[in-house]
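Novice: build me a model:
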Amino acid sequence: MASAKVQRIMTQPIGFDEYMNLVLDEAEEVSIKKKTRKSLGRILLKGDNITLMMST
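Specialist: This next block holds a predicted model:
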């Protein structure tokens, strides 16, 4: 079995479309296991890749 990457994207959404594709500004990739953060800047996250969204 392949090991799944446990990560989260922390950011504020600035736009979306009817397919739930999101434009995210000042995004950070947070690795839960390694306890690291990586700055990503402005990104487009495809709706297919979204599992859960929640307010912090």
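Novice: who's in contact with residue 41?
Specialist: By CB atoms under 8 Å, 6 or more residues apart in numbering, residue 41 lies in contact with 26-27. C-beta: built from backbone N, CA, C; applies to glycine.
Novice: next one: residue 45
Specialist: Residue 45 is in contact with 9, 21-22, 24, 27, counting by CB under 8 Å, 6+ apart.
Novice: ok, now residue 8?
Specialist: Neighbours of residue 8 in contact, by CB under 8 Å, 6+ apart: 29-30, 32.
Novice: let's go with 10 Å and repeat that
Specialist: Applying CB atoms under 10 Å, 6 or more residues apart in numbering to residue 8 gives the contacts 28-32, 37, 52, 54, 56.
Novice: run through the bridge partners of it.
Specialist: residue 30 (DSSP bridges).
Novice: once you drop chain neighbours, what's closest to the residue most central in space within the chain?
Specialist: The residue lying closest to the centre of the chain (CA atoms, centre = their mean) is residue 9, at 3.0 Å. Closest residue to residue 9 apart from its sequence neighbours, by CB to CB, 6 or more residues apart in numbering: residue 27 at 5.4 Å.
Novice: state the helix or strand in which the one you found lies.
Specialist: Residue 27 belongs to strand 22-31 when assigned by DSSP states H and E.
Novice: on the three-state scheme, residue 48 is what?
Specialist: helix (DSSP: H, G, I helix; E, B strand; the rest coil).
Novice: which pLDDT does the model give it?
Specialist: Note for residue 48: predicted pLDDT of 92.
Novice: where in the chain is pLDDT low?
Specialist: Applying pLDDT under 70 to the chain flags the ranges 1-6.
Novice: swap in 80 and give it another go.
Specialist: 1-7, 56 (pLDDT under 80).
Novice: follow-up on the earlier one: now, among the contacts of residue 45, which is nearest to residue 48?
Specialist: Taking CB to CB as the measure, residue 48 lies nearest residue 21 of those, at 8.7 Å.
Novice: ok, now which ones touch the residue nearest to the closest one when sequence neighbours are not counted?
Specialist: The shortest distance from residue 21 to any non-neighbouring residue, by CB to CB, 6+ apart, is to residue 47 (5.0 Å). Residues in contact with residue 47, defined by CB under 10 Å, 6+ apart, are 16-22.
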